[in-house]
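In: Build me a model:
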Amino acid sequence: MYPDSIKSLIESFKFLPGIGEKTAERLAFSVLELEDEQVEFFSDSLKDVKNNIHKCEICNTLTENDRCYICSDDSRTCDLLCVVEDTKNVFLFEKLGMFHGKYHVLDGLISPLDGINPEDIGLDRLLDRISKENFKEIIFAFKPSIEGETTSLYIKRILDGLDVKTTRLASGVPIGADMEYVDSLTLERALNDRKEIE
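Out: Numbering: from 1, shown residues only. Presented below is the predicted three-dimensional model:
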């Protein structure tokens with residue numbers, strides 16, 4: 001019932017997670033009300049993100065440069081490494097402004113039921129980095145789930161022979177919660193009260 005260009009825009013919005021038919025229709029009609037400059041800006045922003053964003057050569061987070069701003073910052077604590085599941089978690093911690101160490105982003109968590117094995121999440125890059133840099137503590141900042149626990153224990157076993165302390169976020173982050181939706185106070189408390197993995 002819609003003209004083809006509106007239908008195409010609706011279908012495009014449905015590519016985004018959490019956007020169903022009704023929301024996609026509402027967004028498409030909102031675009032029609034935007035000024036030409038706003039549509040141009042929106043279009044250019046989409047293209048820029050796809051063309052300019054790639055992974056940092058050191059920590060695997062998203063950046064526009066070879067190295068992200070965290071890896072390029074010499075003032076950060078170099079012996080403290082926070083390992084996270086994805087880049088969104090780096091930005092969550094950075095918004096808190098209370099962690100001043102380095103990060104490493106995995107390509108997900110180990111989940112044999114989903115066919116995701118240790119070699120699928122970029123552990124070789126993490127282990128290579130740990131062997132080259134002088135970290136005194138590795139913090140596992142994964143969501144509290146079976147996958148997060150499995151990944152933490154797997155990496156800890158590999159690191160057992162090294163002189164490095166391994167910790168994980170303290171309780172306070174609810175079991176099964178997606179890190180993206182945890183409020184900043186809970187996340188801050190969990191980070192401050194991290195425990196060594198036994």
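In: for this protein, what spans make up the helices?
Out: In the chain, the helices defined using DSSP state H lie at 4-13, 21-32, 36-52, 87-96, 123-132, 146-159, 184-192.
In: In JSON lines: the ones you listed, plus distance to N65 and mean pLDDT.
Out: For the C-beta atoms, the positions are set from N, CA and C on the backbone; glycine is no exception. Converted to JSON lines, the helices of the chain look like this (distance: least, C-beta to C-beta, whole Å; pLDDT from 0 to 100):
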{"stretch": "helix 4-13", "distance to N65": "29", "mean pLDDT": "95"}
{"stretch": "helix 21-32", "distance to N65": "31", "mean pLDDT": "96"}
{"stretch": "helix 36-52", "distance to N65": "10", "mean pLDDT": "96"}
{"stretch": "helix 87-96", "distance to N65": "14", "mean pLDDT": "94"}
{"stretch": "helix 123-132", "distance to N65": "18", "mean pLDDT": "94"}
{"stretch": "helix 146-159", "distance to N65": "28", "mean pLDDT": "92"}
{"stretch": "helix 184-192", "distance to N65": "27", "mean pLDDT": "75"}
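In: got JSON lines for these, with distance to P112 and mean neighbour count too?
Out: As requested, the helices of the chain are exported to JSON lines (distance: least, C-beta to C-beta, whole Å; neighbours: other C-beta atoms under 10 Å):
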{"stretch": "helix 4-13", "distance to P112": "35", "mean neighbour count": "14"}
{"stretch": "helix 21-32", "distance to P112": "35", "mean neighbour count": "14"}
{"stretch": "helix 36-52", "distance to P112": "32", "mean neighbour count": "10"}
{"stretch": "helix 87-96", "distance to P112": "22", "mean neighbour count": "17"}
{"stretch": "helix 123-132", "distance to P112": "14", "mean neighbour count": "15"}
{"stretch": "helix 146-159", "distance to P112": "8", "mean neighbour count": "18"}
{"stretch": "helix 184-192", "distance to P112": "26", "mean neighbour count": "16"}
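In: Need these in TSV (columns: distance to I58).
Out: What follows is the helices of the chain, written out as TSV (distance: least, C-beta to C-beta, whole Å):
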stretch	distance to I58
helix 4-13	34
helix 21-32	37
helix 36-52	18
helix 87-96	13
helix 123-132	7
helix 146-159	18
helix 184-192	22
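In: Can you say which of these is nearest to G108?
Out: Taking C-beta to C-beta, helix 146-159 is the member of these nearest to G108, at 8.3 Å.
In: The closest one versus helix 123-132: what angle between them?
Out: Following axes from the mean of the first three to the mean of the last three C-alpha atoms, to 10 degrees, one obtains 40 degrees for the angle between helix 146-159 and helix 123-132.
In: what packs against helix 146-159?
Out: When contacts are defined as 3 or more C-beta pairs under 8 Å, 6 or more residues apart in numbering; DSSP states H and E, helix 146-159 sits against helix 123-132, strand 137-141, strand 165-168.
In: can I see the domain layout of the chain?
Out: Listed by automatic domain parsing, the domain ranges of the chain are 4-52, 75-196.
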